[in-house]
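Enquirer: build me a model:
(one chain, ligands or ions: 2)
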Amino acid sequence: MSKVLVSDPIDQAGIDILSQVATVDVKTGLKPEELVKIIGEYDALMIRSGTRVTKEIIEAGTQLKIIGRAGVGVDNVDVAAATRQGIVVVNSPEGNTIAAAEHALAMMLSLSRHIPDANASVKRGEWDRKSFVGAEVYKKTIGIVGLGKIGSHVAAVAKAMGMKLLAYDPFISTERAEQLGCQLVDMDLLVQQADYITLHIPKTPETTHLINATMLAKMKPTTRIINCARGGIIDEEALATAIKEGKIAGAALDVFESEPLGESSLRSLGKEVILTPHLGASTTEAQVNVAIDVAEQIRDVLLGLPARSAVNIPGLGPDVLEELKPYMQLAETLGNLVGQLAGGRVELLNVRLQGELATNKSQPLVVASLKGLLFQALRERVNYVNASIEAKERGIRVIETRDAAIKDYAGSIHLEATGSLGTHAVTGALLGDGEIRLTNLDGFPINVPPSHHMLFTVHRDMPGIIGKLGSLLGSFNVNIASMQVGRKIVRGDAVMVLSLDDPLPDGILSEITKVPGIRDAYTVTL
Ligand SMILES: NC(=O)c1ccc[n+]([C@@H]2O[C@H](COP(=O)([O-])OP(=O)(O)OC[C@H]3O[C@@H](n4cnc5c(N)ncnc54)[C@H](O)[C@@H]3O)[C@@H](O)[C@H]2O)c1
Ligand SMILES: O=C(O)CC[C@@H](O)C(=O)O
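Expert: Ligands and ions are numbered 1, 2, ... in the order given. This next block holds a predicted model:
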């Protein structure tokens, strides 16, 4: 049975799903060196933001197949190291969207009405109403930096509260911003005009210290900043100074450059600063959502199925996966088959996606073909994550073409590989019930399901040849499960495709090619 390590607190709903397929160990609060010591036993690691999954931990995770981040941000995972090692990294892109948006809105209102400090004063036994006169958000301008999932929800609620909406997001169209009631502006205009600035962007080299002393100097003295995105997008020292000097009115932060927050000048500031300990995703609903979302993906990957929100398998989003899932196995089988026919050292793979597969969305099928192609060399070390890198490093050139006009089947895949045994081509499709059919081999039409042990011959179409091959295999005690001949013209060249119950004993291929009329013979194991 597989083993899963859960190293941060995860909702029980997720643990229950993992327990269907694996032994689950929940060990939270591990030090990095403790994690390095034990990670080698586990097939999967499930985390939140508390565990930092470094290169060292990944390299020690020799059995790891998947790292599941119960949340959005994967900046606490060395995704490049995981990719190199063929480990799928998945997240839950939407499970905590509402929770994070509502936290940002709660921070904005709390900051405007001094709720945390007013609450603390009443609890101390005071009744001070003068110190806590607030500001309304109605008719004020909110500047939303990052108009993705969370930013969009913030926009919808802020609009309903009667706010004027500005947004800065260089990757969002003006139409999308307008749909959300936002005026798309540049960052300079946003910081100059907004009464509230709320950040909903990832932390990247471009966004690190996006809010720095220069930006802060452009803001109004009444401006309040909210960061429920990622620590480090704001320069915390510059922020504290700007608030102390009255250059801006305040800030509400849920995330910090270093977490847990250590020594910080932000701590000593008064009611103009609100700090929460990375609570954006901490609602019961969000924790159930992300736990279920990520646990289901870990379960699927441990069962050999693809994950719907893998961050290191490009193009394999949930909608695409739904459509392509049945074809992924077809592509892998064809890759494995053509790789063996071409003789291992493949230099060139042509992938032609045909019929309804001839769209850009089908790119993951190219990756699946490569995974199949490399299976003989790498076995379970190759997967959807590292197949392209492995192929590139082996010098395999990949040419992708698409042909929507080929409509023999709804969708079909044609692979042609050139290797040490020459160039071979195979085409396959799916039947209505999802069963795989090999439909063409080296230009000869066939119609056979793939099987574990297969034998392919190229021969002259003439009487007696099938009987001779059958007798030869019989003399080596090899049982034929099924056999089909494909030919283009009568008494011309033909191929024979045999499914065998047993592997071919060593040396028999050369015997087969001695049968008069048989020119070539190939065996494959799928
Ligand atoms: N505090 C929490 O607990 C918590 C919870 C959930 C998410 N988050 C964080 O919130 C952030 C937003 O999450 P999301 O789900 O909305 O992500 P998202 O991917 O849906 O949206 C991010 C948006 O930022 C934009 N963007 C990227 N680079 C930009 C740049 N340089 N300048 C301006 N815009 C840029 C993108 O175009 C995108 O529209 C992430 O950092 C995520 O990790 C925090
Ligand atoms: O795990 C958490 O609570 C925080 C999650 C949040 O930062 C995220 O990126 O999804």
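Enquirer: so for the residue of the stretch 1-150 of the chain found nearest ligand 2, what's the pLDDT?
Expert: Using CB to the nearest ligand atom, the single residue of the stretch 1-150 of the chain nearest to ligand 2 is Gly71, 2.6 Å away. Quick note: C-beta positions are derived from backbone N, CA and C, even for glycine. Gly71 carries a pLDDT score of 94 in this model.
Enquirer: isn't there a strand covering it?
Expert: No: secondary structure of Gly71 (DSSP: H, G, I helix; E, B strand; the rest coil): coil, not part of a strand.
Enquirer: could you measure from it over to ligand 1?
Expert: 6 Å (CB to the nearest ligand atom, to the nearest Å).
Enquirer: correct me, but that residue touches Gly95?
Expert: Yes: between Gly71 and Gly95 there is a contact under CB atoms under 8 Å: 7.4 Å.
Enquirer: neighbour-wise, which of the two wins?
Expert: The neighbour count for Gly71 versus Gly95, taken as other CB atoms under 10 Å, is higher for Gly71 (26 against 23).
Enquirer: dihedrals phi and psi, the closest residue to Val255 other than its chain neighbours?
Expert: Leaving aside its sequence neighbours, Val255 sits nearest to Gly231 (CB to CB, 6 or more residues apart in numbering; 4.2 Å). Torsion angles at Gly231 (phi, psi; degrees, to the nearest 10) stand at phi -60, psi 150.
Enquirer: and for Gly231, the neighbour number?
Expert: 18.
Enquirer: got a list of what it touches?
Expert: Lys203, Leu253, Val255, Phe256, Glu257, Ser258, Glu259 (CB atoms under 8 Å, 6 or more residues apart in numbering).
Enquirer: measure the fifth one to Lys65 for me?
Expert: Pointing back at Glu257 there. Remark: distance between Glu257 and Lys65 (CB to CB, to the nearest Å) = 33 Å.
Enquirer: tell me which of these two has more neighbours.
Expert: In this view Glu257 and Lys65 are compared by other CB under 10 Å, and Lys65 has more residues nearby, 21 against 18.
Enquirer: and the pLDDT for the more buried one?
Expert: The model's pLDDT for Lys65 equals 93.
Enquirer: for it, which non-adjacent residue is spatially closest?
Expert: Per CB to CB, 6+ apart, closest to Lys65 is Asp43, 5.3 Å.
Enquirer: go on, Ala81?
Expert: Lys55 (4.1 Å).
Enquirer: does the one you found really touch Val79, like I thought?
Expert: No: the criterion here is CB under 8 Å, and Lys55 misses it with Val79 at 10.5 Å.
Enquirer: so for these two, which residue has more residues nearby?
Expert: Between Lys55 and Val79, Val79 has the larger neighbour count (other CB under 10 Å), namely 18 against 13.
Enquirer: the more buried one touches Asn312, doesn't it?
Expert: Yes: counting by CB under 8 Å, Val79 touches Asn312, with 5.5 Å between them.
Enquirer: count of neighbours near the one residue in the stretch 151-300 of the chain that gets nearest to ligand 1?
Expert: Closest contact between the stretch 151-300 of the chain and ligand 1, by CB to the nearest ligand atom, is at Gly280 (2.4 Å). Gly280 sits with 26 neighbouring residues when counted by other CB under 10 Å.
Enquirer: and it, what pLDDT?
Expert: Value for Gly280, per-residue pLDDT: 97.
Enquirer: pretty sure it contacts Met107?
Expert: No: here Gly280 lies out of contact with Met107, judged by CB under 8 Å, at a distance of 9.3 Å.
Enquirer: okay, and the common contacts of those two?
Expert: With CB under 8 Å, 6+ apart as the test, Gly280 and Met107 both reach Cys228, Asp254.
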